[in-house]
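J.: Here is my input; please provide its structure:
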Amino acid sequence: MSASQPREVEHEITVSAPAAEVYRLIAEVANWPRIFPPTIYVDHLERSGNEELIRIWATANGEPKSWTSRRVLDPQGLRITFRQQVSTPPVASMGGTWIIEPLDDTSARIRLLHDYTAVDDDPEGLAWIDEAVDRNSRSELAALKTNVELAAASEELTFSFEDTVEVDGSAKDLYDFVNEAGLWSERLPHVATVRLTEDTPGLQELEMDTRAKDGSTHTTKSYRVCLDGRKIAYKQTTLPALMNLHTGYWTFRETEDGTTLASSQHTVVLRPENIRKILGAEAGVAEAREYVRTALSTNSRATLGHAKAYAEARR
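T.: Model (predicted):
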């Protein structure tokens, strides 16, 4: 096989949802970390009409990867074509098409086409890509089916919130404090141990043991995307029993009066089948939302407070 003869594969799934709604979910990349398990974060680099350039961070075969992709949106034809601009080895080239086919008013077929080549046409590299594309495509389509069909239920189970502090210090110092998570066990009382790896600059794998008020510890694992001193986005992959999903980001914005606003944002999807087991027979979604928000906000505010003290001391 040569670069002029890419491998071509296709995956498909049928969903009980209107084709237009399926197209919308795929077109709006801000939701990808919620609906596609491998996706960590997506950032728009360019937008013009129905064309856009996006950067995607995702796991492939358990390894975090990043690439840029140019997309052409066709809302009338319910098609989205994509082509990687900068691929990550062993991928030499990668592209494809999402095709949404209406079956009737309430169901649709999703076809996901890929074409790709490996660096130097290496057989082992191609086998790695075969496995990654097959695994991620099946995972993405299954997750998309679940999220589309349970859209009504997910609305109640999905919520976002943000905590913000004003700091008499620089955005750079605040960013450094959050970015240097490997030092958190020394800097944050609620963090017992930390394991941080950053094989690719700006793409971190963070595992830590966090202390609860009762003295117990629980382990969390996240992938983090660190963006040029302005934002750190993350997706938690080892989740507490009450959550199906937890994504978020830290932002640092300097104001005209010389202070900086440091914020921690969270988006959560609850796991409804575990609510009563954890919170009691009388608990429902409202109680679970409050419980999770309080727990996450407590840790975020503690981290923001220590980051504030660190930045203000270096002013």
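J.: mind checking the end-to-end distance for stretch 250-258?
T.: 19 Å (C-alpha to C-alpha, to the nearest Å).
J.: For the stretch 101-250 of the chain, which segments count as strands?
T.: 107-118, 158-167, 191-200, 203-211, 217-227, 231-238, 243-254 (DSSP state E, counting those that start in this stretch).
J.: helices and strands around the fourth one, which ones?
T.: What that stands for is strand 203-211. Judged by 3 or more C-beta pairs under 8 Å, 6 or more residues apart in numbering; DSSP states H and E, strand 203-211 is in contact with strand 63-74, strand 191-200, strand 217-227. The C-beta positions use only the backbone N, C-alpha and C, and glycine is treated the same way.
J.: model confidence over the last one, on average?
T.: I take that to be strand 217-227. Here strand 217-227 scores 93 as its mean pLDDT.
J.: And stretch 265-273, by the same measure?
T.: The average pLDDT within stretch 265-273 is 94.
J.: And for stretch 303-310?
T.: Rounded mean pLDDT across stretch 303-310 is 98.
J.: Could you look up the SS state of the nearest residue to Ile80 once chain neighbours are set aside?
T.: Computed as C-beta to C-beta, 6 or more residues apart in numbering, the closest residue to Ile80 that is not its neighbour in sequence is Trp98, at 4.3 Å. Here Trp98 is recorded as strand under DSSP: H, G, I helix; E, B strand; the rest coil.
J.: burial measure for Trp98, as a count.
T.: Residues within reach of Trp98, counting by other C-beta atoms under 10 Å, total 22.
J.: residues contacting it?
T.: For Trp98, the contact set (C-beta atoms under 8 Å, 6 or more residues apart in numbering) comprises 26, 79-82, 110-113.
J.: again, only this time at 6 Å
T.: The neighbourhood of Trp98, defined by C-beta atoms under 6 Å, 6 or more residues apart in numbering, consists of 26, 80, 112.
J.: Dig out what the second one forms beta bridges with.
T.: Think Ile80. Residues in a beta bridge with Ile80, per DSSP bridges, are Leu73, Trp98.
J.: SS state for the residue nearest the centre of the chain?
T.: The C-alpha lying nearest the average C-alpha coordinate of the chain belongs to Ile40 (C-alpha atoms, centre = their mean; 2.9 Å). Judged by three-state DSSP, the three-state class of Ile40 is strand.
J.: Looking at this protein, which helix is longest?
T.: For the chain, the longest helix by residue count, based on DSSP state H, is helix 285-313.
J.: Give the buried residues for it.
T.: 288-289, 291-293, 296, 299-300, 303-304, 306-308, 310-311 (16 or more other C-beta atoms under 10 Å).
J.: Using a markdown table, lay out the strands of the stretch 101-250 of the chain together with distance to Glu63 and mean neighbour count.
T.: Output for the strands of the stretch 101-250 of the chain, formatted as a markdown table (distance: least, C-beta to C-beta, whole Å; neighbours: other C-beta atoms under 10 Å):
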| stretch | distance to Glu63 | mean neighbour count |
| --- | --- | --- |
| strand 107-118 | 16 | 20 |
| strand 158-167 | 28 | 16 |
| strand 191-200 | 9 | 14 |
| strand 203-211 | 9 | 18 |
| strand 217-227 | 10 | 18 |
| strand 231-238 | 13 | 19 |
| strand 243-254 | 19 | 20 |
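J.: Let me have those strands in a markdown table, extended by distance to Arg71.
T.: Compiled in a markdown table, those are given as follows (distance: least, C-beta to C-beta, whole Å):
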| stretch | distance to Arg71 |
| --- | --- |
| strand 107-118 | 14 |
| strand 158-167 | 25 |
| strand 191-200 | 23 |
| strand 203-211 | 22 |
| strand 217-227 | 19 |
| strand 231-238 | 20 |
| strand 243-254 | 21 |
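J.: ok, what's across the strand from Glu254?
T.: Bridge pairing for Glu254 - DSSP bridges - gives Thr260.
J.: With distance to Val86 added, can I get the helices and strands packed on strand 203-211 in TSV?
T.: Below are the helices and strands packed on strand 203-211 laid out as TSV (distance: least, C-beta to C-beta, whole Å):
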stretch	distance to Val86
strand 63-74	5
strand 191-200	13
strand 217-227	15
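J.: Quick one, which of the ones you listed gets closest to Asp121.
T.: strand 63-74 (19.3 Å; C-beta to C-beta).
J.: Could I get the average pLDDT for that closest one?
T.: 92.
J.: Which strands or helices does it pack on?
T.: Contacts defined by 3 or more C-beta pairs under 6 Å, 6 or more residues apart in numbering; DSSP states H and E place strand 63-74 against strand 51-60, strand 79-86.
J.: between it and strand 79-86, what angle do the directions make?
T.: 140 degrees (axes from the mean of the first three to the mean of the last three C-alpha atoms, to 10 degrees).
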